[in-house]
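Undergrad: Have a look; sequence and predicted model below, questions after that.
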Amino acid sequence: MDKKLGLKDIVLIGRTFDEYYRMFELSNINFKDEKILDVASGVSSFCSEANSKGYNVTASDKIYSFSAEKIEEKCAEDLKMVMEKLPSVADLYKWEFFENVDALKKNRERAYRLFVEDFKKMNGNRYIATEYPRTQFADKEFTISLISHFLFMYDEHLNYEFHKKTISEIIRITSKEIRIFPIVNLKGKRSLFVEKLMGDRDFKDYEIGIKKVDYEFVKNGNEMLSIKVN
Ligand SMILES: C[S@@+](CC[C@H](N)C(=O)[O-])C[C@H]1O[C@@H](n2cnc3c(N)ncnc32)[C@H](O)[C@@H]1O
């Protein structure tokens, strides 16, 4: 049987601005021209850190209808559970960006603490409770949408129909580009939904491409999918 980080559910774990910057190759965008949506942003600190730098980022996740305390409680539990499972599957990961499990844990804790602080401060703004595939955003409200560790990664939890509906909705609310990272699933294999989506006639009007990026934590997870919608 394939080795994988077996998860019963989609976990509440968050990444930092530095990780997003490399996963999505954000060095090639001019932040001041963009209104960015972070899709299924969870307890990532990307939104908080980006706004502190003066960038325009909105976060969206189904958990934002809960209180900061509840979110923090669930996130601390998930982090503990993932950290306990990790040593048995450590060889699925490349220990460079994070030197070891302890460095990873510290980074994830930093991410969720920054998130919680900003979430409390913003009090309902900037963090929009959204349960994909449906959203309440206006047509082309954002210029760029980023999807990290949600689609493709959880292809055993979310079926192809869900992927398709979610991407169609994000195309509706995005004017320039959608970037998805990673395109491997929890087994570290490229999700079969990637090829399926690229060949799907319903998306034939969009330029869809795969790009190698300078970030690899899950081994072979160093590619993002770009969907140009303009
Ligand atoms: C692994 S986390 C990724 C968080 C963040 N994007 C990152 O990379 O740091 C997955 C997130 O997907 C969210 N999620 C799962 N199903 C969702 C849905 N249908 N609509 C919105 N968010 C969802 C979870 O609440 C969780 O925060």
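TA: Arrived safely.
Undergrad: these two touch, right, residue 16 and residue 47?
TA: No - using Cβ atoms under 8 Å as the test, residue 16 is too far from residue 47 to be in contact (11.0 Å). Heads up, the C-betas are built off the backbone N, CA and C, glycines and all.
Undergrad: Pick out whichever of those two has more residues nearby.
TA: residue 47 (28 against 19; other Cβ atoms under 10 Å).
Undergrad: OK, contacts around the closest residue to the more buried one other than its chain neighbours?
TA: Distances taken as Cβ to Cβ, 6 or more residues apart in numbering place residue 59 nearest to residue 47, at 3.9 Å, with adjacent residues excluded. Taking Cβ atoms under 8 Å, 6 or more residues apart in numbering, we find residue 59 in contact with 38, 41, 44, 46, 47, 126, 127, 128.
Undergrad: Now residue 59: which helix or strand?
TA: Using DSSP states H and E, residue 59 maps to strand 56-61.
Undergrad: Show me which residues of this protein are close to the ligand?
TA: 10-15, 40-42, 44, 61-63, 130-132, 148-150 (Cβ under 6 Å from any ligand atom).
Undergrad: Show me where this structure has its strands.
TA: 35-39, 56-61, 127-129, 142-148, 174-181, 207-212, 223-228 (DSSP state E).
Undergrad: okay, these in JSON lines with distance to residue 105 and mean pLDDT next?
TA: Shown next, in JSON lines, are those (distance: least, Cβ to Cβ, whole Å; pLDDT from 0 to 100):
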{"stretch": "strand 35-39", "distance to residue 105": "22", "mean pLDDT": "98"}
{"stretch": "strand 56-61", "distance to residue 105": "22", "mean pLDDT": "98"}
{"stretch": "strand 127-129", "distance to residue 105": "24", "mean pLDDT": "98"}
{"stretch": "strand 142-148", "distance to residue 105": "19", "mean pLDDT": "98"}
{"stretch": "strand 174-181", "distance to residue 105": "21", "mean pLDDT": "98"}
{"stretch": "strand 207-212", "distance to residue 105": "28", "mean pLDDT": "98"}
{"stretch": "strand 223-228", "distance to residue 105": "25", "mean pLDDT": "98"}
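Undergrad: wait, which of those strands is closest to residue 23?
TA: Nearest of the strands of the chain to residue 23, taken as Cβ to Cβ: strand 174-181 at 4.2 Å.
Undergrad: that older thread, what is the residue nearest to residue 47 paired to in the beta sheet?
TA: residue 38, residue 127 (DSSP bridges).
Undergrad: Going along the chain, name the helices of this structure.
TA: 17-23, 46-52, 68-85, 101-122, 160-173, 192-198 (DSSP state H).
Undergrad: Mean pLDDT and distance to residue 222 for these - can I get that in a markdown table?
TA: Formatted as a markdown table, these follow (pLDDT from 0 to 100; distance: least, Cβ to Cβ, whole Å):
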| stretch | mean pLDDT | distance to residue 222 |
| --- | --- | --- |
| helix 17-23 | 97 | 9 |
| helix 46-52 | 98 | 19 |
| helix 68-85 | 92 | 20 |
| helix 101-122 | 95 | 17 |
| helix 160-173 | 98 | 21 |
| helix 192-198 | 98 | 14 |
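Undergrad: so which of these gets nearest residue 218?
TA: Nearest of the helices of the chain (Cβ to Cβ): helix 17-23, 10.9 Å.
Undergrad: Ramachandran angles for the residue of the chain found nearest the ligand?
TA: Per Cβ to the nearest ligand atom, the residue of the chain with the smallest distance to the ligand is residue 42, at 2.3 Å. When read as degrees, to the nearest 10, the backbone of residue 42 gives phi 50, psi -130.
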